[in-house]
Each structure stands twice: as structure tokens, then as C-alpha cells.
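K.L.:
Could you work out the structure for the sequence below:
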Amino acid sequence: MHYRCLADLPDPVLLDSGADHGLDLVAAAPLANRSLRLPAAPTSAAVAGFFAALETLHADRPAVDDARTRLPFAGGLVGLVGYDAALPLHGLAGRAGPAAAPAALVHEYPWAVLQDRARREAWLVARPGVAPALRRDLLARLHAP
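P.N.:
Below you'll find the model as predicted:
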């Protein structure tokens with residue numbers, strides 16, 4: 001898995017397929033100012049605002065011709081929406097402590113590494129706007145022993 005060589009980058013994410021025949025996704029270093037965070041124990045207004053902002057964030061993403069590849073991801077939004085995000089919708093309050101995790105967190109990642117365990121293949125996929133220097137750095141990290 002390529003997670004170790006990218007784990008020192010900001011906000012790394014690993015989506016593990018959990019199966020020998022699935023695709024795993026590793027990404028890091030999301031775009032600045034393209035993240036959303038819903039704090040722990042949100043109000044119903046905060047939840048509504050989060051999802052409205054998420055719709056806007058999604059609509060503002062540049063178009064990608066995903067039809068040109070068989071891979072399911074070519075950069076985009078990755079995140080977590082926890083159960084606590086739905087509590088206010090049912091009239092329930094969550095608990096927020098000093099170390100409480102956010103109820104939801106979404107980042108926009110312009111690149112990712114996809115790994116097919118069954119075929120023992122991996123691909124660096126990136127949006128067209130990813131700087132050549134970043135591409136070179138990522139490839140060097142991925143090829144390092």
C-alpha cells in the first residue's frame with residue numbers, strides 16, 4: 001500500500017476496499033479553502049448549512065471526463081459524514097467534548113493513488129490543474145524504496 005509514503009502530507013485519507021478484489025484510494029494535501037467541517041454536536045441549522053455548502057462545493061468543481069478511464073476516481077470530494085450529523089434531524093443533541101471528532105468533514109483532493117490489489121497495479125490520477133512539480137514529487141515518493 002502506498003499510504004506510508006504519503007502519510008506525512010497534510011490531511012491524508014485512506015479508503016480501504018477491505019477486499020482482495022477492490023480498489024483502495026489514498027490521497028492527501030487537499031486544496032486550500034475547499035474543505036467543509038461540521039463541528040461535533042451540531043444544531044439543525046448547522047447541518048442544513050453544511051449540506052448547502054457541500055452542494056455548492058460540489059457544483060463549483062471543475063468538470064472531469066471520467067468516461068475516458070475505467071477508474072472510479074480522478075480527484076474530487078472525499079469525506080466522512082458521521083451519525084452525529086443526523087441527530088438534530090431527529091430532535092436529539094450530540095455530545096461535544098474537548099477531543100470530539102467533527103460530525104462531518106469533507107476535503108477536495110485534486111489527486112489520488114488508486115490501487116487494485118487483485119491485479120497488483122496502482123495509478124496516480126490527477127486533475128488537469130495539478131502542478132507538474134507536485135506530480136513529480138508524488139511520483140518520486142511512490143517510486144522510493
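
K.L.:
other SSEs contacting the top helix by length along the chain?
P.N.:
Longest helix in the chain, counting residues (DSSP state H): helix 44-59. On a contact count with 3 or more C-beta pairs under 8 Å, 6 or more residues apart in numbering; DSSP states H and E, helix 44-59 meets strand 35-38, strand 76-81, strand 104-109. From N, CA and C alone the C-beta is placed, and that goes for glycine too.

K.L.:
For Ala52, see how far away the residue of the chain most remote from its centre is.
P.N.:
Most distant from the centre of the chain: Gly91, at 29.2 Å, with distances by C-alpha atoms, centre = their mean. Distance, Gly91 to Ala52, by C-beta to C-beta, to the nearest Å: 21 Å.

K.L.:
Gly94 now?
P.N.:
Look at Gly94 and Ala52: by C-beta to C-beta, they are 20 Å apart.

K.L.:
and what of Pro102?
P.N.:
Taking C-beta to C-beta, one finds Pro102 at 17 Å from Ala52.

K.L.:
which one of these two has more residues nearby?
P.N.:
Set side by side, Pro102 and Ala52 show more neighbours around Pro102, with 20 against 10, by other C-beta atoms under 10 Å.

K.L.:
mind checking the SS state of the more buried one?
P.N.:
coil (DSSP: H, G, I helix; E, B strand; the rest coil).

K.L.:
For stretch 4-22, what is the distance to the chain centroid?
P.N.:
Offset of stretch 4-22 from its chain centre (C-alpha atoms, centre = their mean, to the nearest Å): 10 Å.

K.L.:
cool, stretch 74-81 as well?
P.N.:
Put simply, stretch 74-81 sits 3 Å off its chain's centre (C-alpha atoms, centre = their mean).

K.L.:
What average pLDDT does it get?
P.N.:
Stretch 74-81 shows a mean pLDDT of 90.

K.L.:
What residues of it count as buried?
P.N.:
Under the neighbour-count criterion of 16 or more other C-beta atoms under 10 Å, stretch 74-81 has 74-79, 81 buried.

K.L.:
CA atoms of it as PDB?
P.N.:
What follows is stretch 74-81, C-alpha atoms only, in PDB (Å, rounded to 0.1, in the frame of the first residue of the first chain):
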ATOM      1  CA  ALA A  74      -9.900  11.100 -10.800                       C
ATOM      2  CA  GLY A  75      -9.800  13.600  -7.900                       C
ATOM      3  CA  GLY A  76     -12.700  15.100  -6.100                       C
ATOM      4  CA  LEU A  77     -14.500  15.200  -2.800                       C
ATOM      5  CA  VAL A  78     -13.700  12.700  -0.100                       C
ATOM      6  CA  GLY A  79     -15.000  12.900   3.400                       C
ATOM      7  CA  LEU A  80     -16.900  11.400   6.300                       C
ATOM      8  CA  VAL A  81     -20.500  12.200   7.400                       C
END
